[in-house]
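Q: model this:
(one chain, ligands or ions: 1)
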Amino acid sequence: MSTYDLAVVGGGPGGLAAAMYGAMRGLSVVGFEAESFGGQLINLYPSKPVTNFPAQAYVLSRDLALRLAEQAAGFGAELREWEPVEHAGPSSDGFVLRSAGLETTAAALVLALGLGRFTPRRLGLDGEDRFLGRGLAYRLPPIEEIDARHAVVVGGGDTAFDTALSLQRVADVTLVHRRDKFRAYAHSQQRVSEAGLNVVTGGEIVELLGGDHLESVVVSLADDRTVELAADLLLVTIGQVPDMSGVKSWDLGLGGPHIEVDSSMRTARPGLFAVGDFAAYPGKVRMIATAAAEGSTAAASVARLLHSAN
Ligand SMILES: Cc1cc2nc3c(=O)[nH]c(=O)nc-3n(C[C@H](O)[C@H](O)[C@H](O)COP(=O)(O)OP(=O)(O)OC[C@H]3O[C@@H](n4cnc5c(N)ncnc54)[C@H](O)[C@@H]3O)c2cc1C
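A: Residues are numbered from 1 along each chain as shown. I've put the predicted structure just below:
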């Protein structure tokens, strides 16, 4: 079992800032993120130009997320990506967390859960469970592991476009989108058009066909015709849904989507702090800069707490 001064759950801007400022203050820090670092910046709006972060007149959200993670790691925080915390509760020395089948203890805990864990939005079709991992995926696997000839990508945002462009190196790709306009940025659309990918707009996948493995998909078109597309790989990239329900079973008394904190980011439970969108107090503003500032406040509070205990 590993032991730290501070454990941070959530790797959005609030959690990354708490990890960074904690490490900067000389604390041993571990940070857990269920997905890739960046929180909403990566999962909800990866290609948005962020124009309101101080001293950054223009920065793409995914670049800002990357820089925050690099900065926290640079100060010595141990950051664990793709490692959801499944359970957290009090222990004799502070808190105990369970993730990836292992336990971690920490004297103090910062919750930076944002809107919750992101899970992929599903198509809602029969056979979706059956073909999951057998041709159907919600995230792009490592490109070198892909053994597919005909890939279909569903979605109209930047993730769908990035996925289609990556897949095009190893398979022939059709992009299917249910609307006739795309949400993806103009430069992504330009790249897809230059790459000459097949694009079906006004189309909805209505059936998945195959035996042990996915073989094709049936697409319903705007004019009520249906077409069957060969597909030994179907990538569904139609968004992420945040889910906070898991934390209710943690032994920390967490109930709702927020937790009350004071001006030091302390919760009612000694040693437990919260920052970012998950933390609530009068006058709260939910923004990247405030999440980062709260991370700094929480780290200072943790350092004070631990130093006064020594
Ligand atoms: C569409 C949109 C556009 C926005 N644009 C802007 C903008 O331009 N400027 C601005 O200032 N703000 C913007 N915001 C708001 C800003 O993104 C949020 O205020 C900010 O992301 C909050 O950061 P956070 O760290 O609290 O939470 P989040 O960014 O939500 O990060 C929380 C992280 O915790 C992780 N997590 C949750 N549960 C667990 C668990 N059990 N184990 C491990 N990890 C877990 C999640 O996976 C997630 O990555 C926007 C929000 C939206 C929805």
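Q: what's the closest non-adjacent residue to the residue in the stretch 151-300 of the chain that the ligand sits nearest to?
A: Here the stretch 151-300 of the chain gets closest to the ligand at one residue, residue 276, 2.0 Å apart by CB to the nearest ligand atom. (Each C-beta comes from the backbone N, C-alpha and C, glycine too.) In space, not counting the residues next to it along the chain, residue 276 is nearest to residue 14; the distance is 2.5 Å by CB to CB, 6 or more residues apart in numbering.
Q: And residue 278, by the same measure?
A: Across the structure, with CB to CB, 6+ apart as the measure, the residue nearest residue 278 apart from its sequence neighbours is residue 113 (4.4 Å).
Q: what sits against residue 115?
A: For residue 115, the set of contacting residues under the criterion of CB atoms under 8 Å, 6 or more residues apart in numbering consists of 40, 242, 244, 257, 277.
Q: Let me see the contact set for the closest residue to the third one other than its chain neighbours.
A: Going back to what we said before, that points to residue 244. Of all residues not flanking residue 244 in the chain, residue 116 sits nearest, at 3.5 Å (CB to CB, 6+ apart). Neighbour list for residue 116: 242, 243, 244, 245, 246, 247, 257 [criterion: CB under 8 Å, 6+ apart].
Q: Now do the helices for the stretch 101-250 of the chain: every range, in order, please.
A: 128-131, 158-167, 186-195 (DSSP state H, counting those that start in this stretch).
Q: Show me just the buried residues among the contacts of residue 116.
A: Applying a neighbour-count criterion of 16 or more other CB atoms under 10 Å, the buried members of the contacts of residue 116 are 242, 244, 246, 247.
Q: From residue 148, how far off is residue 235?
A: The span separating residue 235 from residue 148 equals 10 Å under the rule CB to CB, to the nearest Å.
Q: Just the pLDDT at the residue in the stretch 101-250 of the chain that the ligand sits nearest to, thanks.
A: Across the stretch 101-250 of the chain, the shortest distance to the ligand (CB to the nearest ligand atom) belongs to residue 114, at 1.9 Å. What the model reports as pLDDT for residue 114 is 97.
Q: pretty sure it is touching residue 37, no?
A: No. Taking CB atoms under 8 Å as the contact criterion, residue 114 and residue 37 are not neighbours in contact, 12.0 Å apart.
Q: List the contacts of residue 17.
A: 68, 72, 275, 291, 292, 293, 294, 295, 296, 299.
Q: Need the overlap of contacts for residue 114 and residue 37.
A: Common neighbours of residue 114 and residue 37, counting by CB under 8 Å, 6+ apart, are residue 12.
Q: Near the ligand, which residues of the stretch 1-150 of the chain are found?
A: Along the stretch 1-150 of the chain, the residues adjacent to the ligand under the rule CB under 6 Å from any ligand atom are 9-15, 32-35, 39-41, 44-45, 50, 52, 84-85, 112-118.
Q: Cross these against helices and list the overlap.
A: 13, 14, 15, 40, 41 (DSSP state H).
Q: any idea how far the residue nearest to residue 140 when sequence neighbours are not counted lies from residue 246?
A: Nearest residue to residue 140, sequence neighbours excluded (CB to CB, 6+ apart): residue 163, at 5.0 Å. To residue 246, residue 163 is 27 Å away according to CB to CB.
Q: Then residue 308?
A: 33 Å.
Q: Report the contact partners of the closest residue to residue 81 other than its chain neighbours.
A: In space, not counting the residues next to it along the chain, residue 81 is nearest to residue 33; the distance is 5.2 Å by CB to CB, 6+ apart. The neighbourhood of residue 33, defined by CB under 8 Å, 6+ apart, consists of 10, 11, 15, 39, 79, 80, 81, 82, 83.
Q: Now the buried members of these.
A: Neighbour counting by 16+ other CB under 10 Å classes 10, 11, 15, 39, 79, 80, 83 among the contacts of residue 33 as buried.
Q: Could you export those residues to TSV, including columns for pLDDT?
A: Listed next are these as TSV, based on pLDDT from 0 to 100:
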residue	pLDDT
10	98
11	98
15	98
39	94
79	98
80	97
83	96
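Q: max-length strand in the chain?
A: If each strand of the chain is counted by residues according to DSSP state E, the longest one is strand 102-111.
Q: Would you indicate which residues of that one are buried?
A: Neighbour counts over strand 102-111 (16+ other CB under 10 Å) mark 104, 105, 106, 107, 108, 109, 110, 111 as buried.
Q: The stretch 1-150 of the chain: strands as residue ranges?
A: Counting by DSSP state E, counting those that start in this stretch, the segments of the stretch 1-150 of the chain that form strands are 2-9, 29-32, 49-50, 59-60, 78-80, 85-91, 94-99, 102-111, 117-120, 136-137, 150-154.
Q: chain center to the third one, what's the gap?
A: Remark: strand 49-50 is offset 18 Å from the chain centroid, using CA atoms, centre = their mean, to the nearest Å.
Q: ditto for the fifth one
A: Distance of strand 78-80 from the chain centroid (CA atoms, centre = their mean) equals 15 Å.
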